[in-house]
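> Sequence and computational prediction follow.
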Amino acid sequence: MEMRGAKERAKRETEARDRIAAAERERRREGRQATPHDRASAYLSGMDVGAGQAWQAVLRAVRGFALGAEEGAALVMRDFAPRYHRKLRPGEVRDMARRAMRATVPWGWLLTAERR
């Protein structure tokens, strides 16, 4: 059962990467580059919304896409929170974003990983 969950998460992450790549191709056709904000939005839209995933969404927005606490929290509230299994309060997301600012993961790790 747990293996199935891991496979489903991997599939969703692959789909999120595909959406990001499609958005970048569209922006290139329009003559503009995808911003970290655009890429984070596409990624969060495809994330798993199960229990415990709110922290992962905030961490990826704030640190993974290097958006910072304020912009990352706003993006999570717009693209992730409406699908989450319970109601996320804005204050709760802001607190997680402040904690993510102190996390030890590298800044922008998803910006470089997505381009490989």
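Sure thing, it's come through.
> Buried residues in the longest helix anywhere in the chain, which are they?
Counting residues, the longest helix found in the chain (DSSP state H) is helix 2-29. Under the neighbour-count criterion of 16 or more other CB atoms under 10 Å, helix 2-29 has 16-17, 19-20, 24 buried. Glycine gets a C-beta too; all of them are placed from N, C-alpha and C.
> Give me the next element, helix or strand, following it.
Sequence order places helix 36-45 as the next helix or strand after helix 2-29, per DSSP states H and E.
> and the residue nearest to residue 8 when sequence neighbours are not counted, how many neighbours does it have?
Once flanking residues are discounted, residue 8 sits nearest to residue 48: 7.5 Å by CB to CB, 6 or more residues apart in numbering. Applying other CB atoms under 10 Å, we find 17 residues neighbouring residue 48.
> Ok, residue 91 next?
9.
> What helices and strands are in contact with the helix or strand where it lies?
Per DSSP H and E: residue 91 is located in helix 90-101. Packing partners of helix 90-101 (3 or more CB pairs under 8 Å, 6 or more residues apart in numbering; DSSP states H and E): helix 53-59, helix 69-79.
> check contacts around residue 51.
residue 85 (CB atoms under 8 Å, 6 or more residues apart in numbering).
> So it, which state does it fall into?
coil (DSSP: H, G, I helix; E, B strand; the rest coil).
> Helix or strand with the lowest mean pLDDT in this protein?
Sorting the helices and strands of the chain by mean pLDDT, DSSP states H and E puts helix 2-29 at the bottom, at a mean of 72.
> excluding its backbone neighbours, what's nearest the residue positioned nearest the centre of the chain?
Closest residue to the average C-alpha location of the chain: residue 44 at 3.6 Å, with CA atoms, centre = their mean. Nearest in space to residue 44, with sequence neighbours left out and distances taken as CB to CB, 6+ apart, is residue 79 at 4.1 Å.
> Cool, thanks, talk later.
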